[in-house]
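# sequence below, structure please.
(chains A, B, C and D)
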2 protein chains.
Amino acid sequence: MTRTSLADVACSIARATDLFGDAWTALIMRDVLTGIHRFDDLAHDLGISRKVLAARLARLVEEGVLVRERYQEHPPREQYRATEKGAELHAVLMALMAWGDRWYAGEAGPPARIRHLDCGRETTPVTACGHCGGPVTAANTTELPGPGGRTGPGTQVLGPLLAARAARAPQAAQAAQAAQAEYAADDTGR
Amino acid sequence: MTRTSLADVACSIARATDLFGDAWTALIMRDVLTGIHRFDDLAHDLGISRKVLAARLARLVEEGVLVRERYQEHPPREQYRATEKGAELHAVLMALMAWGDRWYAGEAGPPARIRHLDCGRETTPVTACGHCGGPVTAANTTELPGPGGRTGPGTQVLGPLLAARAARAPQAAQAAQAAQAEYAADDTGR
DNA sequence: CATTCGGGTTCCCTGAAGGAACCTATCCGA
DNA sequence: TCGGATAGGTTCCTTCAGGGAACCCGAATG
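Below is the predicted model of the structure:
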């Protein structure tokens, strides 16, 4: 975990990574969403220090990503479950998994597969445009400033860069072409 | 960053987070993919310690996610650029950003917007099934063991759990229903 | 000839991760 | 009634990585 808090940076990636940008947190959410809910099971599965696990779970509960609930009174037993906010981190896990599968699976093949219950098939989740459903990649997107954006810690250079990019090409098509030209130039020019 | 290496865990999420599960790494990739390529710009933009930035960049180059290249000889100047492997981390960044936008944007609105150049519209990237194109969520997927899976550190409990799940319901439809039933039961029950 | 710039490296200090032991409450079996 | 097991942590100590600032080096610039 970073010592400098990223929660106040005007960037949703920074805000998300402030919580999620810790290796254990991702694996804890993987386990909880897969069906491992108990402290000891998590500790045993991950091989994590119990102290660190307790700290991570407390943070995740505090952030509203998990809930801690008593599932039996005698003896008192607790478990951790994902909230809606936590369940939506599934998308991040799928993206990480797809990337890991692609670049690190090696000869043995992927360690796990995902079955999409809506169509019944094994799937590799892809990132798609919410409007047209087409693939979203670094090459076919451009980032523009948003209403909540500001220049500050974590966006000291990025803020002005996006603002300049928006000013240079206020029309969608122009922004698109400028960004693509830059990307193409980047690829050839190295 | 975690002290215990996750690179050897039989889980693509663990392998991906071993590299990417560090708050700074995500932000460095955000910047490089957005167009910030120089050491000083990265250091200034992020407010990161120069020492840590140097270590992160070296790791990312070593992993083949970035390349370090000289863009001018006199005086010698270096810059960092994303490889194909690095550019594909864009999907992870999009998922993090979408989640951060949804849960932390607040009144001010999202700090940045994404324009999808293929359709020309501002988009919220979604995670979709590679086959049917439908949405992929925690609720409509189930995880099954894959060829490269094994029980070991990081999957001590998870491995057997997935194996049992697959054994209980070897058919796709059955696996689907079992997983959904469990998910529903989880919400009401224990 | 001093300054600036880009791209780092070195130093020390603090705080978080690892690891193991310990604690509490309850149940189970002999 | 005692011993042990189980679940869910907490406490303690050590080590190591992050933060911050200073420093360094080669090349251009005034």
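# just the helices in chain A please.
In chain A, the segments counted as helices under DSSP state H are A:12-20, A:23-34, A:39-46, A:50-62, A:84-87, A:90-104, A:158-168, A:172-188.
# what's the most buried one of those?
A comparison of the helices of chain A by mean neighbour count, using mean count of other C-beta atoms under 10 Å in any protein chain shown, puts helix A:12-20 on top with a mean of 26. Where C-beta positions appear, they are placed from N, C-alpha and C, glycine not excepted.
# can you tell me if that helix touches chain B.
Yes - against chain B, helix A:12-20 shows contacts by C-beta under 8 Å from any C-beta of the partner chain at A:12-18, A:20.
# chain center to that helix: distance?
On the basis of C-alpha atoms, centre = their mean, to the nearest Å, helix A:12-20 sits 8 Å off its chain's mean C-alpha point.
# and what of stretch A:21-40?
Using C-alpha atoms, centre = their mean, the distance from the centre of stretch A:21-40 to the centre of the chain it belongs to is 14 Å.
# same thing with stretch A:9-25?
Per C-alpha atoms, centre = their mean, the centroid offset for stretch A:9-25 relative to its chain is 8 Å.
# thinking again about what came up before, now the helices of chain A in a markdown table, with distance to B:His74 and mean pLDDT?
What follows is the helices of chain A, written out as a markdown table (distance: least, C-beta to C-beta, whole Å; pLDDT from 0 to 100):
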| stretch | distance to B:His74 | mean pLDDT |
| --- | --- | --- |
| helix A:12-20 | 36 | 91 |
| helix A:23-34 | 42 | 93 |
| helix A:39-46 | 51 | 92 |
| helix A:50-62 | 49 | 92 |
| helix A:84-87 | 53 | 95 |
| helix A:90-104 | 36 | 95 |
| helix A:158-168 | 26 | 87 |
| helix A:172-188 | 22 | 43 |
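# need these in TSV with distance to B:Ala58, can you?
Converted to TSV, these look like this (distance: least, C-beta to C-beta, whole Å):
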stretch	distance to B:Ala58
helix A:12-20	20
helix A:23-34	19
helix A:39-46	27
helix A:50-62	26
helix A:84-87	34
helix A:90-104	19
helix A:158-168	22
helix A:172-188	21
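# pLDDT score assigned to the nearest residue to A:Met29 once chain neighbours are set aside?
Of all residues not flanking A:Met29 in the chain, A:Leu89 sits nearest, at 5.2 Å (C-beta to C-beta, 6 or more residues apart in numbering or on different chains). What the model reports as pLDDT for A:Leu89 is 95.
# hmm, A:Leu89 is touching A:Val65, no?
Yes - in terms of C-beta atoms under 8 Å, A:Leu89 counts as a neighbour of A:Val65; the distance is 6.9 Å.
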